[in-house]
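Engineer: need a 3D model of the following:
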Amino acid sequence: MDLMTYFGLALLGFVAITLFRCIRIVPQQHAYVVERLGKYQATLHAGMHIVIPFVDQVRYRHTLKEYVLDIPEQVCITRDNVQVHVDGVVFFRVMDPMKASYGVNDYEPALVQLAQTTLRSEIGKLELDRSFEEREKVNHAVVTAIDKASDPWGVKILRYEIKSITPPQGVLAAMETQMRAEREKRAKILESEGERDSRINRADGEKQETIKDSEAVRQKQINEAEGEAKAIEAVATATAEGLRQIAASLSTPGGTEAARLRVAEEYLKQFGALARTNNTLIIPANTSDIAGMVASSMAVFEHIKDDSVPVRSNPPRNPLSSSGHTAKHEDRT
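Structural biologist: You can find the predicted model right below:
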């Protein structure tokens with residue numbers, strides 16, 4: 001093989017290498033920073049690009065995907081002087097490859113240091129109990145501080161999350177005791193509130209029962225009074241009707257004789273009943289003068305019949321208290 005052949009092969013190889021170095025293919029979600037003679041020239045994004053070989057050089061390669069950066073555990077001192085171990089994780093993305101290449105030497109350790117110092121500052125503003133309750137507030141404060149500081153680096157902080165906050169064992173034991181006391185306190189409060197509500201409900205029930213009973217008694221008394229009133233009214237009506245019928249009967253032929261017979265029967269019946277039920281008797285002087293007593297009673301009827309005004313003369317002699325002396329008979333048995 002002669003010299004010309006070697007020269008041709010060398011030239012062909014040089015052309016192939018030159019063409020290879022002229023073409024740059026950038027993958028998706030990546031960015032290449034190109035320098036020309038040591039000076040920033042351009043940023044190549046996803047796709048195929050042509051560069052000048054031996055003049056343009058790809059100096060930095062960046063991934064535009066979201067990064068997950070672990071923040072190592074560190075000791076933080078709270079506002080009430082309690083040492084706690086805190087670790088976390090930060091999520092970020094490269095937004096400007098040129099700034100990420102020239103703004104900072106290495107943005108990952110820079111972000112770690114910035115996150116740790118910011119976290120120590122935020123934890124120092126809170127007491128131990130609040131540090132557990134306000135994690136969201138601490139995360140937001142860390143994101144705001146880091147994002148503001150990392151803006152010249154071309155890096156966007158998406159979020160920061162605290163993974164764990166670990167107090168010393170003594171503090172954990174004291175917190176456990178406090179939590180147990182709080183739970184017992186809440187249990188006693190709930191028990192007392194339940195007992196109070198139960199008593200209130202029972203008192204309300206007894207009150208309602210008393211009210212219902214009193215209303216029932218009142219309604220019963222009203223009903224009984226109305227019934228008695230109606231009964232009295234019915235008796236009075238019946239008595240009036242009976243008296244009207246008696247008056248009408250006395251005006252008919254034979255009515256006076258029937259009234260005399262009725263008075264005599266009632267006299268004998270009541271006198272006999274008085275003798276059976278009492279041991280003290282009031283005996284008229286003329287017990288055998290039944291006809292006289294009947295005549296006295298009928299005289300009252302005749303007087304009422306003849307005169308509608310009340311009788312003003314001396315009333316007829318009472319057969320039971322007539323001009324005879326009263327004798328008192330006592331049962332010695």
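Engineer: please make it C-alpha for all contacts and neighbour counts, starting now.
Structural biologist: Noted.
Engineer: quick one: distance of stretch 194-207 to the chain centre.
Structural biologist: Distance, stretch centre to chain centre, for stretch 194-207: 17 Å (CA atoms, centre = their mean, to the nearest Å).
Engineer: now stretch 12-21
Structural biologist: On CA atoms, centre = their mean, the centre of stretch 12-21 falls 82 Å from that of its chain.
Engineer: can you point out the buried residues in that stretch?
Structural biologist: R21 (16 or more other CA atoms under 10 Å).
Engineer: now do it, average pLDDT.
Structural biologist: For stretch 12-21, mean pLDDT is 76.
Engineer: give me the contacts around that stretch.
Structural biologist: Residues outside stretch 12-21 that contact it (CA atoms under 8 Å, 6 or more residues apart in numbering) are V51, I52, P53, F54.
Engineer: buried ones only from those residues, please, as a ChimeraX command.
Structural biologist: Restricted to buried positions by 16+ other CA under 10 Å, the ChimeraX selection for these reads:
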select :51
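Engineer: make a markdown table out of the contacts of stretch 12-21 and add distance to D197 and pLDDT.
Structural biologist: As requested, the contacts of stretch 12-21 are arranged in a markdown table below (distance: CA to CA, whole Å; pLDDT from 0 to 100):
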| residue | distance to D197 | pLDDT |
| --- | --- | --- |
| V51 | 85 | 85 |
| I52 | 88 | 83 |
| P53 | 89 | 81 |
| F54 | 90 | 80 |
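Engineer: of the contacts of stretch 12-21, which is the nearest to H30?
Structural biologist: Nearest to H30 out of those is V51 (CA to CA; 17.1 Å).
Engineer: which other helices and strands contact the helix or strand that contains L69?
Structural biologist: If you go by DSSP states H and E, L69 is part of strand 66-77. Applying 3 or more CA pairs under 8 Å, 6 or more residues apart in numbering; DSSP states H and E, we find strand 66-77 packed against strand 83-94, helix 107-124.
Engineer: tabulate these (CSV), appending mean neighbour count.
Structural biologist: Formatted as CSV, the helices and strands packed on strand 66-77 follow (neighbours: other CA atoms under 10 Å):
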stretch, mean neighbour count
strand 83-94, 19
helix 107-124, 18
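Engineer: quick one: those as CSV, columns for distance to A145 and mean pLDDT too.
Structural biologist: Listed next are those as CSV, based on distance: least, CA to CA, whole Å; pLDDT from 0 to 100:
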stretch, distance to A145, mean pLDDT
strand 83-94, 12, 91
helix 107-124, 7, 90
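Engineer: redo those as CSV? Include distance to S251.
Structural biologist: Formatted as CSV, the helices and strands packed on strand 66-77 follow (distance: least, CA to CA, whole Å):
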stretch, distance to S251
strand 83-94, 123
helix 107-124, 121
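Engineer: in three-state terms, label F54 for me.
Structural biologist: Of the three states, F54 takes coil according to DSSP: H, G, I helix; E, B strand; the rest coil.
Engineer: ok so, going back, in its sheet, which strands sit next to the strand holding L69, and in what direction?
Structural biologist: strand 83-94 (antiparallel) (DSSP bridges).
Engineer: how about the nearest residue to L37, chain neighbours excluded?
Structural biologist: V55 (5.8 Å; CA to CA, 6 or more residues apart in numbering).
Engineer: with C22 instead?
Structural biologist: C22 sits nearest to V51 (CA to CA, 6+ apart), 4.8 Å away.
Engineer: give me phi/psi at the one you found?
Structural biologist: The phi/psi pair for V51 (degrees, to the nearest 10) reads phi -130, psi 160.
Engineer: which residues does E66 form a beta bridge with?
Structural biologist: R93.
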